[in-house]
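Enquirer: next input, structure requested:
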Amino acid sequence: MFSQRFGDLVYTGTIRNHLYATKLVSLTSSVVGVVVQPLLFQRIQHLPGFLQGIVGTFFGFFVFVTPILLHQLVRRYVVRMYFNPEAERFTAVTMHFIPRMRNFYTFSPRDVEVPITE
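Expert: The predicted structure follows:
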């Protein structure tokens, strides 16, 4: 496949659809959690303060920390890579925090350093 903007498609990530779906489910569940949060806090008012803190912390962890942690784990995964033969430049496409947005990284073969392994 050829892109006018980037050149020839040379690589497509094998788990990109799974990552997209996972990030979408994570963000959707977080939005639902934020919407439900006032109702939850209203319902746990009769509990002792210590238990309210535990429930609030547990709920807040899954609502706010899970999408951030997931993004940190997959943000460097290359979804697609293009090569422009005229400019001799590669363009790597990665997912942003919101799955529809993309980050583009352009580099040349000279920029790549292969580590020496023993």
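
Enquirer: pretty sure Ser26 contacts Pro67?
Expert: Yes - look at Ser26 against Pro67 with C-beta atoms under 8 Å: they come within range, at 4.8 Å. Where you see a C-beta, it was placed from the backbone N, CA and C, and this is true even at glycine.

Enquirer: which is the succeeding secondary structure element to whichever helix in the chain runs longest?
Expert: Identified as the longest helix of the chain according to DSSP state H is helix 16-43. Remark: after helix 16-43, the chain's next helix or strand is helix 49-60, criterion DSSP states H and E.

Enquirer: how far is stretch 83-92 from where the chain is centred?
Expert: Relative to the centre of its chain, stretch 83-92 is centred 25 Å away, using C-alpha atoms, centre = their mean, to the nearest Å.

Enquirer: before we move on, what about stretch 16-27?
Expert: On C-alpha atoms, centre = their mean, the centre of stretch 16-27 falls 8 Å from the chain's centre.

Enquirer: quick one: mean pLDDT over that stretch.
Expert: Averaged across stretch 16-27, the pLDDT comes to 89.
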